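**Student:** Prediction below, plus the sequence it came from.
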Amino acid sequence: MPGDSEDPNEDVQYHLEVGPDDVANAVLLPGNPERVDKVTALWDESEEKGYHREYRTATGTYEGAPISVTSTGIGSPSAAIAVEELARIGADTFLRVGSCGAIRPEAEVGDLILTTGAVRQEGTSDEYVREDYPATADHEVVSALVAAAERLGYDYHTGITASTDSFYAGQGRPGFEGFEAAGSDELVENLKDANVMNLEMEASSILTLANLYGLRAGAVCTVYANRETGEFRTEGESRAAETASLAVKLLAQMDEKKAEAGVDSWHAGMSLDG
(Lines give C-alpha, C1' and ligand atoms only; values in the text may rest on other atoms or scores of the structure.)
Protein backbone atom coordinates (compact mmCIF):
# COMPACT_ATOMS: atom_id res chain seq x y z
CA MET A 1 0.00 0.00 0.00
CA PRO A 2 1.21 3.63 -0.48
CA GLY A 3 3.58 4.74 2.27
CA ASP A 4 4.87 1.22 2.98
CA SER A 5 7.82 1.55 0.61
CA GLU A 6 11.03 3.52 1.15
CA ASP A 7 11.41 3.94 -2.61
CA PRO A 8 12.05 7.71 -3.01
CA ASN A 9 10.08 7.64 -6.25
CA GLU A 10 6.88 6.63 -4.49
CA ASP A 11 4.25 9.38 -4.52
CA VAL A 12 3.47 8.99 -0.81
CA GLN A 13 6.65 9.65 1.11
CA TYR A 14 7.95 7.09 3.58
CA HIS A 15 8.35 9.26 6.67
CA LEU A 16 5.98 12.18 6.03
CA GLU A 17 3.15 10.05 4.58
CA VAL A 18 2.08 12.84 2.20
CA GLY A 19 2.03 13.01 -1.59
CA PRO A 20 2.28 15.57 -4.41
CA ASP A 21 -1.31 16.77 -4.00
CA ASP A 22 -0.87 17.40 -0.28
CA VAL A 23 1.62 20.28 -0.16
CA ALA A 24 2.11 23.74 -1.61
CA ASN A 25 5.36 24.89 -3.21
CA ALA A 26 6.29 26.81 -0.06
CA VAL A 27 6.54 25.00 3.28
CA LEU A 28 7.15 26.34 6.78
CA LEU A 29 9.30 24.04 8.93
CA PRO A 30 8.76 24.32 12.70
CA GLY A 31 10.25 21.68 14.97
CA ASN A 32 7.45 20.92 17.39
CA PRO A 33 4.33 19.22 15.94
CA GLU A 34 2.27 21.19 18.46
CA ARG A 35 3.31 24.40 16.70
CA VAL A 36 1.44 23.39 13.55
CA ASP A 37 -1.90 24.45 15.05
CA LYS A 38 -0.38 27.76 16.14
CA VAL A 39 0.91 28.34 12.61
CA THR A 40 -2.31 27.46 10.82
CA ALA A 41 -4.35 29.61 13.22
CA LEU A 42 -2.79 32.59 11.40
CA TRP A 43 -3.95 31.43 7.95
CA ASP A 44 -7.17 31.90 6.01
CA GLU A 45 -7.90 28.18 6.16
CA SER A 46 -6.02 24.88 6.47
CA GLU A 47 -6.38 21.11 6.40
CA GLU A 48 -4.17 18.50 8.01
CA LYS A 49 -2.64 16.24 5.35
CA GLY A 50 -0.48 13.84 7.34
CA TYR A 51 0.85 13.02 10.80
CA HIS A 52 3.51 10.33 11.18
CA ARG A 53 6.18 10.30 13.91
CA GLU A 54 7.36 13.90 14.39
CA TYR A 55 6.15 14.92 10.94
CA ARG A 56 2.81 16.73 10.96
CA THR A 57 1.75 18.44 7.72
CA ALA A 58 -1.05 20.87 6.97
CA THR A 59 -1.84 22.89 3.84
CA GLY A 60 -3.97 25.99 3.30
CA THR A 61 -3.72 29.63 2.25
CA TYR A 62 -2.39 32.81 3.81
CA GLU A 63 -3.86 36.00 2.35
CA GLY A 64 -4.75 33.89 -0.67
CA ALA A 65 -1.27 32.41 -1.17
CA PRO A 66 -0.96 28.59 -1.09
CA ILE A 67 1.16 27.49 1.88
CA SER A 68 2.05 24.35 3.83
CA VAL A 69 3.65 23.56 7.18
CA THR A 70 5.52 20.40 8.20
CA SER A 71 6.97 19.86 11.65
CA THR A 72 10.44 18.32 11.65
CA GLY A 73 11.12 17.32 15.24
CA ILE A 74 14.37 18.29 16.95
CA GLY A 75 17.63 18.53 15.06
CA SER A 76 19.11 18.35 11.60
CA PRO A 77 18.75 14.60 10.85
CA SER A 78 14.95 14.73 10.95
CA ALA A 79 14.83 18.18 9.32
CA ALA A 80 16.87 16.88 6.37
CA ILE A 81 14.43 13.99 5.92
CA ALA A 82 11.58 16.49 5.75
CA VAL A 83 13.34 18.60 3.12
CA GLU A 84 14.24 15.51 1.06
CA GLU A 85 10.71 14.14 1.01
CA LEU A 86 8.95 17.47 0.54
CA ALA A 87 11.24 18.30 -2.39
CA ARG A 88 10.40 14.94 -3.99
CA ILE A 89 6.70 15.81 -4.04
CA GLY A 90 7.14 19.30 -5.47
CA ALA A 91 8.01 21.77 -2.71
CA ASP A 92 10.70 24.25 -3.69
CA THR A 93 10.73 26.87 -0.93
CA PHE A 94 11.48 26.14 2.73
CA LEU A 95 11.31 28.49 5.71
CA ARG A 96 12.56 27.21 9.03
CA VAL A 97 10.32 28.65 11.77
CA GLY A 98 11.30 28.22 15.38
CA SER A 99 12.89 29.49 18.56
CA CYS A 100 16.52 30.12 19.35
CA GLY A 101 19.04 31.34 21.89
CA ALA A 102 20.69 34.66 21.11
CA ILE A 103 24.33 35.23 21.99
CA ARG A 104 24.44 38.97 21.32
CA PRO A 105 23.00 41.51 23.79
CA GLU A 106 21.09 43.51 21.17
CA ALA A 107 18.87 40.51 20.30
CA GLU A 108 16.30 40.72 23.07
CA VAL A 109 13.84 38.04 24.11
CA GLY A 110 10.88 38.22 21.73
CA ASP A 111 12.92 39.65 18.84
CA LEU A 112 13.22 37.82 15.53
CA ILE A 113 16.49 36.64 14.00
CA LEU A 114 16.48 36.25 10.23
CA THR A 115 19.28 33.93 9.18
CA THR A 116 21.51 35.04 6.30
CA GLY A 117 23.85 32.06 6.63
CA ALA A 118 24.71 29.36 9.14
CA VAL A 119 27.69 27.74 10.83
CA ARG A 120 27.43 24.02 10.07
CA GLN A 121 28.09 22.74 13.59
CA GLU A 122 25.93 19.66 12.90
CA GLY A 123 26.80 16.40 11.23
CA THR A 124 23.90 15.89 8.83
CA SER A 125 25.05 18.32 6.15
CA ASP A 126 28.57 16.86 6.37
CA GLU A 127 27.15 13.64 4.95
CA TYR A 128 26.01 15.53 1.85
CA VAL A 129 28.90 17.82 0.98
CA ARG A 130 32.41 18.92 1.98
CA GLU A 131 32.65 20.80 5.25
CA ASP A 132 33.70 24.13 3.70
CA TYR A 133 30.55 24.33 1.52
CA PRO A 134 28.56 27.38 2.73
CA ALA A 135 25.10 27.17 4.29
CA THR A 136 23.58 30.35 2.89
CA ALA A 137 19.99 31.56 2.88
CA ASP A 138 18.36 32.42 -0.43
CA HIS A 139 18.44 36.19 -0.99
CA GLU A 140 14.79 36.28 -2.09
CA VAL A 141 13.71 34.51 1.09
CA VAL A 142 15.77 36.85 3.28
CA SER A 143 14.34 39.88 1.45
CA ALA A 144 10.80 38.59 1.90
CA LEU A 145 11.36 37.91 5.60
CA VAL A 146 12.79 41.40 6.14
CA ALA A 147 9.85 42.98 4.30
CA ALA A 148 7.38 40.88 6.30
CA ALA A 149 8.94 41.78 9.65
CA GLU A 150 8.92 45.45 8.65
CA ARG A 151 5.25 45.36 7.61
CA LEU A 152 4.26 43.57 10.82
CA GLY A 153 6.29 45.94 12.99
CA TYR A 154 8.36 43.23 14.68
CA ASP A 155 11.86 43.91 15.98
CA TYR A 156 14.33 41.79 14.03
CA HIS A 157 18.02 41.21 13.36
CA THR A 158 19.73 39.64 10.36
CA GLY A 159 22.90 37.63 10.66
CA ILE A 160 24.72 34.35 11.01
CA THR A 161 23.17 31.43 12.90
CA ALA A 162 25.05 28.47 14.40
CA SER A 163 23.26 25.12 14.11
CA THR A 164 24.29 22.37 16.50
CA ASP A 165 23.54 18.70 17.05
CA SER A 166 23.36 19.03 20.84
CA PHE A 167 21.21 21.38 22.92
CA TYR A 168 23.56 20.83 25.85
CA ALA A 169 27.24 20.14 25.08
CA GLY A 170 27.01 21.52 21.54
CA GLN A 171 25.72 24.86 22.81
CA GLY A 172 28.13 25.19 25.71
CA ARG A 173 25.71 24.05 28.41
CA PRO A 174 26.63 21.56 31.15
CA GLY A 175 25.41 18.01 30.75
CA PHE A 176 24.24 15.50 33.34
CA GLU A 177 25.84 16.05 36.75
CA GLY A 178 27.68 19.09 35.44
CA PHE A 179 29.55 17.32 32.65
CA GLU A 180 31.44 19.75 30.42
CA ALA A 181 32.54 18.76 26.93
CA ALA A 182 36.04 19.74 25.85
CA GLY A 183 36.03 23.33 24.66
CA SER A 184 32.47 24.03 25.77
CA ASP A 185 33.58 26.85 28.04
CA GLU A 186 34.94 28.74 25.02
CA LEU A 187 32.31 27.77 22.44
CA VAL A 188 29.87 30.65 22.85
CA GLU A 189 32.62 33.25 23.19
CA ASN A 190 34.29 32.03 20.01
CA LEU A 191 30.99 32.23 18.12
CA LYS A 192 30.33 35.73 19.48
CA ASP A 193 33.80 36.80 18.33
CA ALA A 194 32.85 35.55 14.85
CA ASN A 195 29.73 37.79 14.90
CA VAL A 196 27.29 34.85 15.14
CA MET A 197 23.82 35.96 16.29
CA ASN A 198 22.12 32.86 17.63
CA LEU A 199 22.10 29.13 18.30
CA GLU A 200 19.54 26.56 17.13
CA MET A 201 19.57 23.05 15.64
CA GLU A 202 18.17 22.87 12.11
CA ALA A 203 18.90 25.89 9.89
CA SER A 204 22.30 24.91 8.48
CA SER A 205 21.17 21.52 7.20
CA ILE A 206 18.02 22.99 5.64
CA LEU A 207 20.01 25.73 3.92
CA THR A 208 22.71 23.33 2.73
CA LEU A 209 20.27 20.87 1.19
CA ALA A 210 18.30 23.64 -0.46
CA ASN A 211 21.45 25.04 -2.06
CA LEU A 212 22.58 21.60 -3.21
CA TYR A 213 19.21 20.94 -4.85
CA GLY A 214 18.69 24.41 -6.35
CA LEU A 215 15.80 25.26 -4.01
CA ARG A 216 15.02 28.33 -1.89
CA ALA A 217 15.38 28.34 1.89
CA GLY A 218 15.69 30.65 4.84
CA ALA A 219 15.06 30.73 8.57
CA VAL A 220 13.31 32.96 11.09
CA CYS A 221 13.44 32.27 14.80
CA THR A 222 12.03 34.03 17.83
CA VAL A 223 14.55 34.65 20.60
CA TYR A 224 13.50 32.72 23.71
CA ALA A 225 16.78 33.07 25.59
CA ASN A 226 19.65 35.53 25.53
CA ARG A 227 22.83 33.86 26.72
CA GLU A 228 24.51 37.25 27.19
CA THR A 229 21.87 38.82 29.46
CA GLY A 230 20.56 35.62 31.09
CA GLU A 231 16.95 36.31 30.08
CA PHE A 232 14.62 33.42 29.21
CA ARG A 233 10.96 33.71 28.29
CA THR A 234 8.79 31.86 25.78
CA GLU A 235 7.60 35.18 24.40
CA GLY A 236 6.45 36.04 20.89
CA GLU A 237 6.09 32.46 19.68
CA SER A 238 3.67 33.38 16.88
CA ARG A 239 5.84 36.23 15.50
CA ALA A 240 8.17 33.93 13.57
CA ALA A 241 5.23 31.99 12.10
CA GLU A 242 3.36 35.15 11.10
CA THR A 243 6.48 36.67 9.56
CA ALA A 244 7.22 33.49 7.61
CA SER A 245 3.61 33.19 6.42
CA LEU A 246 3.60 36.76 5.14
CA ALA A 247 7.01 36.13 3.54
CA VAL A 248 5.46 33.26 1.55
CA LYS A 249 2.80 35.69 0.26
CA LEU A 250 5.53 38.18 -0.70
CA LEU A 251 7.58 35.45 -2.40
CA ALA A 252 4.55 34.57 -4.51
CA GLN A 253 4.33 38.23 -5.54
CA MET A 254 8.06 38.24 -6.32
CA ASP A 255 7.62 35.20 -8.53
CA GLU A 256 4.80 36.94 -10.42
CA LYS A 257 6.97 40.03 -10.96
CA LYS A 258 9.85 37.90 -12.23
CA ALA A 259 7.58 36.12 -14.68
CA GLU A 260 6.18 39.43 -15.94
CA ALA A 261 9.68 40.87 -16.39
CA GLY A 262 11.12 37.68 -17.88
CA VAL A 263 13.97 37.51 -15.36
CA ASP A 264 15.23 34.70 -13.15
CA SER A 265 15.93 36.63 -9.96
CA TRP A 266 13.97 39.24 -8.03
CA HIS A 267 15.85 42.42 -7.08
CA ALA A 268 15.15 45.55 -5.07
CA GLY A 269 14.30 47.54 -8.20
CA MET A 270 11.19 45.41 -8.74
CA SER A 271 8.42 46.87 -6.59
CA LEU A 272 5.88 44.51 -5.01
CA ASP A 273 3.27 47.27 -4.66
CA GLY A 274 2.48 48.16 -8.23
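**Tutor:** Okay, I see it.

**Student:** The stretch 151-274 of the chain: strands as residue ranges?
**Tutor:** Under the criterion DSSP state E, counting those that start in this stretch, strands of the stretch 151-274 of the chain are mapped to 156-164, 196-200, 216-226, 231-232.

**Student:** and those, which one is worst for confidence?
**Tutor:** Among the strands of the stretch 151-274 of the chain, strand 231-232 has the lowest mean pLDDT, at a mean of 84.

**Student:** neighbouring contacts of that strand?
**Tutor:** For strand 231-232, the external contacting residues (C-beta atoms under 8 Å, 6 or more residues apart in numbering) are 108-109, 224-226. (C-beta placed from N, C-alpha, C; glycine too.)

**Student:** Of those, which is the nearest to His157?
**Tutor:** Lowest distance from His157 to the contacts of strand 231-232 (C-beta to C-beta) belongs to Glu108, with 9.4 Å.

**Student:** residue contacts, that closest one?
**Tutor:** For Glu108, the contacting residues are 102, 155, 223, 226, 229, 231, by C-beta under 8 Å, 6+ apart.

**Student:** ok, 7 Å please
**Tutor:** 223, 226 (C-beta atoms under 7 Å, 6 or more residues apart in numbering).

**Student:** So it, which state does it fall into?
**Tutor:** Put simply, Glu108 is coil when judged by DSSP: H, G, I helix; E, B strand; the rest coil.

**Student:** gap between it and Gly236?
**Tutor:** Separation of Glu108 from Gly236 (C-beta to C-beta, to the nearest Å) stands at 10 Å.

**Student:** shared neighbours of those two, anything?
**Tutor:** Contacts common to Glu108 and Gly236, judged by C-beta under 7 Å, 6+ apart, are absent.

**Student:** just to revisit the earlier point, would JSON lines of the contacts of strand 231-232 with distance to Gly73 be doable?
**Tutor:** Listed next are the contacts of strand 231-232 as JSON lines, based on distance: C-beta to C-beta, whole Å:
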{"residue": "Glu108", "distance to Gly73": "28"}
{"residue": "Val109", "distance to Gly73": "24"}
{"residue": "Tyr224", "distance to Gly73": "18"}
{"residue": "Ala225", "distance to Gly73": "20"}
{"residue": "Asn226", "distance to Gly73": "25"}
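
**Student:** so which of the strands of the stretch 151-274 of the chain comes closest to Val69?
**Tutor:** Of all the strands of the stretch 151-274 of the chain, strand 216-226 sits nearest to Val69, with 13.3 Å by C-beta to C-beta.
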